[in-house]
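K.L.:
model this:
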Amino acid sequence: MREWGESLRTWLPPESVFFNCPLREKTTLRIGGEASVVVEIHQKEPLTRVIQEAIREGFPWFLLGGGSNVLFSDEGFRGLVVINCLNEIRLTSPTQIECGAGLPLLDFVRFSEECGLSGSEDLAGIPGSVGGAIVGNAGAFGRNIAEILDYVDIVNEDGELQRLTPHELDFDYRESRLKYSNDVVVSAGLSLSNSGEAEVSGRIQEILDLRAGKHPAWGVATAGSFFKNLPPENPGDRRIAAGLILDRAGALGLSVGDAAVFEKHANIVVNRGHATAVQVLELTTIMKRLAYESAGVLLEEEVRRIGFSQAELEKTQVLKVEPTE
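P.N.:
Alright, predicted model coming up:
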């Protein structure tokens with residue numbers, strides 16, 4: 001794979017190709033061993049070509065956006081990690097914005113604000129990229145990005161460019177079919193509504209203030225909310241916050257090594273300096289067990305865990321399902 005990686009430097013900027021790159025340097029949780037090859041891509045055509053070549057060569061590969069919402073193993077990733085840096089953004093109509101999948105989500109929110117367009121405000125303060133937000137259907141305060149999505153342009157599993165509608169993406173709470181395929185989001189069109197910059201700015205600031213009161217400050221090493229919220233008790237109600245369940249279960253103050261539950265939010269794990277992926281797995285397994293013992297609920301990870309063996313992931317199960325004869 002090293003030889004193939006060297007060949008990438010003949011048609012990509014050499015400084016954008018890295019070998020044996022520590023993934024802790026590329027993720028917001030700052031955890032993860034080395035990837036064999038890491039490539040940072042800033043344009044659509046090279047992104048498509050790199051993925052096509054990786055598919056043709058049969059190399060394992062993983063797409064990374066803003067580096068949030070992911071936990072890489074301490075052993076790293078024996079393959080190619082492609083970092084999507086496509087960050088262009090433009091108005092395509094008075095109420096539609098098209099942007100690259102690598103654009104930071106907050107930059108999209110701020111651009112919408114400058115245009116006086118409403119609909120993205122509740123996404124303010126969520127870490128990561130637009131593409132990552134679409135893959136995980138990110139959202140907050142009862143809203144999610146799927147509600148404002150018009151289309152996504154992807155490189156599909158055959159290496160071909162394709163445009164998909166939200167209906168084709170099987171969106172659910174913090175889910176989409178993109179999460180379980182090798183399709184890569186390249187860009188997206190999002191539809192908003194006219195409002196006015198002052199009104200939009202006020203709502204954005206309100207959201208950011210709410211987050212500042214209970215979320216880690218920008219720069220603190222975290223992947224974001226670790227577990228998905230639970231379905232509402234009654235149709236039409238808000239989802240039950242996993243953080244509330246964990247708070248009541250006594251998760252605040254828990255730590256394993258430098259992996260710790262954030263002191264203001266029981267559903268956020270932070271790296272206090274030198275946490276390992278194994279420590280995060282151990283801590284979050286304890287959190288899941290507490291939630292089950294205190295409230296009878298099985299929490300499901302929102303953060304994607306990459307590079308772990310099946311045996312390692314099985315150790316995080318609270319309930320073991322015995323095979324039937």
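K.L.:
please count neighbours and contacts with C-alpha atoms only from this point.
P.N.:
Noted.
K.L.:
check the gap between the most centrally placed residue in the chain and Glu45 for me.
P.N.:
Nearest to the geometric centre of the chain sits Asn69, at 3.8 Å (C-alpha atoms, centre = their mean). From Asn69 across to Glu45, the span is 26 Å (C-alpha to C-alpha, to the nearest Å).
K.L.:
got it, and Ser187?
P.N.:
On the measure of C-alpha to C-alpha, Ser187 and Glu45 end up 12 Å apart.
K.L.:
pick out whichever of those two has more residues nearby.
P.N.:
Ser187 (24 against 11; other C-alpha atoms under 10 Å).
K.L.:
any low-confidence regions in the stretch 201-325 of the chain?
P.N.:
320-325 (pLDDT under 70).
K.L.:
please enumerate the strands of it.
P.N.:
222-225, 255-256, 259-261, 268-271, 304-306 (DSSP state E, counting those that start in this stretch).
K.L.:
and the second one, which strands flank it?
P.N.:
By that I understand strand 255-256. strand 259-261 (antiparallel) (DSSP bridges).
K.L.:
quick check: buried residues in the strand it pairs with?
P.N.:
259-261 (16 or more other C-alpha atoms under 10 Å).
K.L.:
could you do stretch 196-213 as well?
P.N.:
200-201, 203-204, 207-208.
K.L.:
contacting residues around Leu283?
P.N.:
Leu283 sits next to 254-256, 259-260 when contact means C-alpha atoms under 8 Å, 6 or more residues apart in numbering.
K.L.:
out of those, who's nearest Ser118?
P.N.:
In terms of C-alpha to C-alpha, no member of the contacts of Leu283 lies closer to Ser118 than Ala260, at 36.2 Å.
K.L.:
the closest one and Gly253 touch, don't they?
P.N.:
Yes: counting by C-alpha atoms under 8 Å, Gly253 is a contact partner of Ala260 at 7.2 Å.
K.L.:
excluding sequence neighbours, find me the nearest residue to Asp258.
P.N.:
In this structure, Asp258 finds its nearest non-sequential neighbour in Ala275, 4.4 Å apart by C-alpha to C-alpha, 6 or more residues apart in numbering.
K.L.:
contacting residues around the one you found?
P.N.:
Ala275 neighbours (C-alpha under 8 Å, 6+ apart): 31, 257-259.
K.L.:
Leu281 now?
P.N.:
Leu281 touches Thr316, counting by C-alpha under 8 Å, 6+ apart.
K.L.:
okay, the spatially closest residue to Gly307 that is not a sequence neighbour: pLDDT?
P.N.:
Closest residue in space to Gly307, ignoring its immediate chain neighbours: Ser73 at 5.2 Å, by C-alpha to C-alpha, 6+ apart. What the model reports for Ser73 is a pLDDT of 97.
K.L.:
what is the burial count for Ser73?
P.N.:
Quick note: Ser73 (other C-alpha under 10 Å) scores 24 neighbours.
K.L.:
confirm that Ala188 sits in a helix.
P.N.:
No: checked against DSSP: H, G, I helix; E, B strand; the rest coil, Ala188 lies outside a helix; its state is strand.
K.L.:
quick check: closest non-adjacent residue to it.
P.N.:
In space, Ala188 is closest to Val152, 4.3 Å off (C-alpha to C-alpha, 6+ apart).
K.L.:
likewise for Ser129?
P.N.:
Ser129 sits nearest to Pro104 (C-alpha to C-alpha, 6+ apart), 4.2 Å away.
K.L.:
isn't that neighbour right up against Leu86?
P.N.:
No: Pro104 is beyond contact range of Leu86, at 9.7 Å (criterion: C-alpha under 8 Å).
K.L.:
Leu244: which of the buried residues of strand 259-261 is nearest?
P.N.:
Nearest to Leu244 among these, with distances taken as C-alpha to C-alpha, is Val261, at 13.1 Å.
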